[in-house]
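Peer 1: Sequence first, then the predicted structure:
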Amino acid sequence: MRVAIGTEEAEKMLYSTNGASWRAVYNLARQQGVLAIVFDGLMQLFEADKEFAKAFPQALKFKWINAVFNIEQRYEQQLRLSAELAGKWAEQDIQTFCLKGLAISSYYPEPTHRECGDLDCFLPDNYERGNIIAEECGAKVERDFYKHSHISYKGLMVENHQFCTPIRGAKQYKQRERYLQILLAISNPQYIGNTKLIRPSCDFNALFLTTHSFGHFLTEGIRLRHILDWALFVKAEQGNIDWENFYAWCDKLGYTRFVNALNAIAVDYLGLDFCDKVVVDRALSERILHDVLYGGVSIFNQNMPKWRVRLAIVKSYMNSIWKYHKVYRRSVFVELMRVVGGFLFERTPKL
């Protein structure tokens, strides 16, 4: 990955020539959502060491090439369909802000190698209009969750967000959401290529990416793709982010130790250089990285019944006590009660 993102030269890289080791790398990279970006680095190693390229297991090489080709095809299809749907909304004067995914891929050396899943979008003040227009275009819309609807459009899965982030159960979550929506309202639209998809401002992305990855860290765990998203985003935008305001929100929301550990991983393992305003704290970085590589469970992408999802979330809370104690600095039991209370008494929360 260091070679792929340009922080280490292929000629100076120490690496194994053992086929079994590279099969393990392939499997880990696939699990971590960075298969294509790791292959970019591998191709540079091939170029720098012709003997290594010849000795590399050919079956694995072709398997990897095929997997990367499929990732590129999925990306292109997602971009095409996302742009098509955003164009439909734009015809009705609706803005489409792209949350993570395609908006973050532009920070990658090769955007098509950033693995994307669903399209997450936010349509300011037009959540339900967006749902209706999508239905008029033949899409299937499920309105079964307060935060976002699920739109199935020509095979593309879309999360149309009524709220950018969860707002149940805590006043500060509603404050965070209002702040994020203000950032979207005051920003100048930056369109992704020749589409009507809008990339949010760097201040929005800084807090939104942190909120999103931290939420996954506490429940399912995160993958290397989350860390790489953050690292490449900060590398590109560190001079444009209002770090004082960002850290004020992190302190308020309990993110500080987490985000500073991600910064440490980006510096120590990805070889990135950050400005002085970006705080690097190694106190928890090793443990968090170990959890990224060897911990975590998949909950929300398993098509489980709702009762099983809720049971899995509760179990995850119990297995993540150390994260709440050492990283979040909150009681896991208080947080669990907040989630339950929000579900019982704020079924359809309002800002």
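Peer 2: All right, it came through fine.
Peer 1: Please enumerate the helices of the stretch 201-350 of the chain.
Peer 2: 202-219, 224-237, 243-253, 256-268, 285-294, 306-319, 321-322, 332-345 (DSSP state H, counting those that start in this stretch).
Peer 1: I'd like to know the predicted local confidence at the residue nearest to Y328 when sequence neighbours are not counted, please.
Peer 2: Nearest non-adjacent residue to Y328, counting by CB to CB, 6 or more residues apart in numbering: G254, 4.9 Å away. All C-beta atoms are positioned from the backbone trio N, CA, C, and that covers glycine. At G254, the pLDDT value in this model is 98.
Peer 1: got the phi/psi numbers for G254?
Peer 2: Dihedral angles phi and psi of G254 (degrees, to the nearest 10) take the values phi 80, psi 20.
Peer 1: May I have the residues that are in contact with it?
Peer 2: 328-330 (CB atoms under 8 Å, 6 or more residues apart in numbering).
Peer 1: Equivalent analysis for P109, please.
Peer 2: By CB under 8 Å, 6+ apart, the contact list for P109 reads 4-6, 37, 40.
Peer 1: now the residues you listed: which count as buried?
Peer 2: By neighbour count, with 16 or more other CB atoms under 10 Å, those hold 4-5, 37, 40 as buried.
Peer 1: which ones are touching Q32?
Peer 2: 223-225, 292-293.
Peer 1: ok, 10 Å please
Peer 2: 1, 38, 115, 222-228, 292-293, 296 (CB atoms under 10 Å, 6 or more residues apart in numbering).
Peer 1: Could you count how many residues lie near L218?
Peer 2: As a burial measure, L218 scores 22 neighbours (other CB atoms under 10 Å).
Peer 1: ok, now which ones touch it?
Peer 2: Each residue near L218 by CB under 10 Å, 6+ apart is listed here: 254, 258, 313, 316-317, 320, 323-324, 327-328, 330, 332, 335.
Peer 1: before we move on, what SS does the residue lying closest to T211 once chain neighbours are set aside have?
Peer 2: Leaving aside its sequence neighbours, T211 sits nearest to T165 (CB to CB, 6+ apart; 5.1 Å). Three-state assignment for T165 (DSSP: H, G, I helix; E, B strand; the rest coil): coil.
Peer 1: And the pLDDT for T165?
Peer 2: 98.
Peer 1: gap between it and F97?
Peer 2: Separation of T165 from F97 (CB to CB, to the nearest Å): 13 Å.
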